[in-house]
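Undergrad: Show me the folded form of this:
(4 chains)
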Number of protein chains: 2
Amino acid sequence: MEPDSRREQILAVAVRLFGRRPYSEVSTTDVARAAGVARGLVNHYFGTKKDLYLEVVRVMLTVPRVALESLPQGETLDRRIDSIVSWFLDVVSRHSTSWLAAINAGGMAGDAEVDAVIAEAIDVAADDVLQALGLDDGAGAALRGMARSYVGLAVFTGREWLERGVLSREQVHALLATTLATLVERVFPQAA
Amino acid sequence: MEPDSRREQILAVAVRLFGRRPYSEVSTTDVARAAGVARGLVNHYFGTKKDLYLEVVRVMLTVPRVALESLPQGETLDRRIDSIVSWFLDVVSRHSTSWLAAINAGGMAGDAEVDAVIAEAIDVAADDVLQALGLDDGAGAALRGMARSYVGLAVFTGREWLERGVLSREQVHALLATTLATLVERVFPQAA
DNA sequence: GATCGTTGTTGGCGATGTGTCAATAAGCCG
DNA sequence: CGGCTTATTGACACATCGCCAACAACGATC
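TA: A predicted model of the protein is given here:
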């Protein structure tokens, strides 16, 4: 089999397994067996096990951001906020299992490289939020930090919504939309 | 040595090591060597390695909540919110290293038992917030869920503040206080 | 005070997982 | 067909973990 497709196949299998069980409970032997190859081949393509896991997390986190530019641009602020929140909740509920696995980062605690990948994903998400709000022009460091904070709220609330199941989608939507409006109108100005 | 003190000593050593390096990079041999005992003794006292780690996380998470009842009760809402946020930022900045390590232990999530310990800590923190606001009476499930969401924001913002260092304490305070006020005044009523 | 039981403590065994590498098989081109 | 590249394998060496039998130190009992 050609290298590209084989690598992709192994990666797909790894995504599926790491989506179900945490990092420590998935052995490279499991990945190899599920992919129908020898264990050494996994190391040949991805190096160490953590390197494979980094690729898996990258795949899981980059799946969602596809149709962001389809958001309305010329509307009022409240409508744009509604659009962002709705889009986020759609993505989260659609890819719920893999998204939850990626956010939980499946079992690597405080590892520098895994943290860096997740932090990078949060960075781009924060910039997406600012861009969708039309605030990406004079985006100072403080404003971007607050945007990252809001992304953290969104991530955590999404997990609360999906895993606990005590909040309805409407309640989550209201929480995220109202909070974002408050941030834009009352907190962001102080940072600029 | 007596069992209690020996167990406590090993636990203290484990807290120190797990605070520095992530879970997978700390072996039980390291803990045993740093404690000056044989490796088997660690298993004797704590069972498996994950059980030891659970104890460590519990210790790290229960350090902060000590002087919560010293908050003013009879003041206005804004002042109570200010007090909560100030108290939180004080605790976080004081125990920054161990607090960050405990929060990063959320990275070990995906494991059912570790998740349960962290979820428990977030639960009590959310109830503390509601109690400090005087809302603990008619605390429905949805309201408690939203309070957990806010705790997630606070945790994430605290990490953003300490690790990134682009936000000043005043900015973090304004963000958390304004957001909490918005939640209480505009989002919570809809949930009740 | 000697003996015995209790208990803290140790070192090692078997099992599992991981990284590496030489050997092999399979395809391709001349 | 023969040689070469390369994907792929199986096995070796090493680390870590859970478990357990053996040892030692201390106190209780007669």
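
Undergrad: mind giving me the domain ranges of chain A?
TA: Listed by automatic domain parsing, the domain ranges of chain A are A:3-61, A:63-191.

Undergrad: For those, give me TSV that also has distance to residue B:166 and mean pLDDT.
TA: (C-beta placed from N, C-alpha, C; glycine too.) As requested, the domains of chain A are exported to TSV (distance: least, CB to CB, whole Å; pLDDT from 0 to 100):
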stretch	distance to residue B:166	mean pLDDT
domain A:3-61	22	95
domain A:63-191	4	87
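
Undergrad: Format those as a markdown table; extra columns: mean neighbour count and distance to residue B:125.
TA: What follows is the domains of chain A, written out as a markdown table (neighbours: other CB atoms under 10 Å in any protein chain shown; distance: least, CB to CB, whole Å):
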| stretch | mean neighbour count | distance to residue B:125 |
| --- | --- | --- |
| domain A:3-61 | 17 | 24 |
| domain A:63-191 | 18 | 12 |
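
Undergrad: now these in JSON lines, with distance to residue B:20?
TA: What follows is the domains of chain A, written out as JSON lines (distance: least, CB to CB, whole Å):
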{"stretch": "domain A:3-61", "distance to residue B:20": "18"}
{"stretch": "domain A:63-191", "distance to residue B:20": "9"}
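
Undergrad: what would those look like in JSON lines with distance to DNA strand D?
TA: As requested, the domains of chain A are exported to JSON lines (distance: least, CB to the nearest atom of the strand, whole Å):
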{"stretch": "domain A:3-61", "distance to DNA strand D": "2"}
{"stretch": "domain A:63-191", "distance to DNA strand D": "13"}
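
Undergrad: In a markdown table: the ones you listed, plus distance to chain B.
TA: Shown next, in a markdown table, are the domains of chain A (distance: least, CB to the nearest CB, whole Å):
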| stretch | distance to chain B |
| --- | --- |
| domain A:3-61 | 3 |
| domain A:63-191 | 3 |
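
Undergrad: For DNA strand C, find the nearest of these.
TA: Set against DNA strand C and scored by CB to the nearest atom of the strand, those come closest in domain A:3-61, at 3.1 Å.

Undergrad: Show me where chain A has its strands.
TA: Per DSSP state E, chain A carries no strands over any range.

Undergrad: What ranges does chain A have for its helices?
TA: Secondary structure of chain A (DSSP state H): helices at A:3-20, A:28-35, A:39-46, A:49-62, A:77-94, A:96-104, A:112-132, A:141-159, A:169-182, A:188-191.
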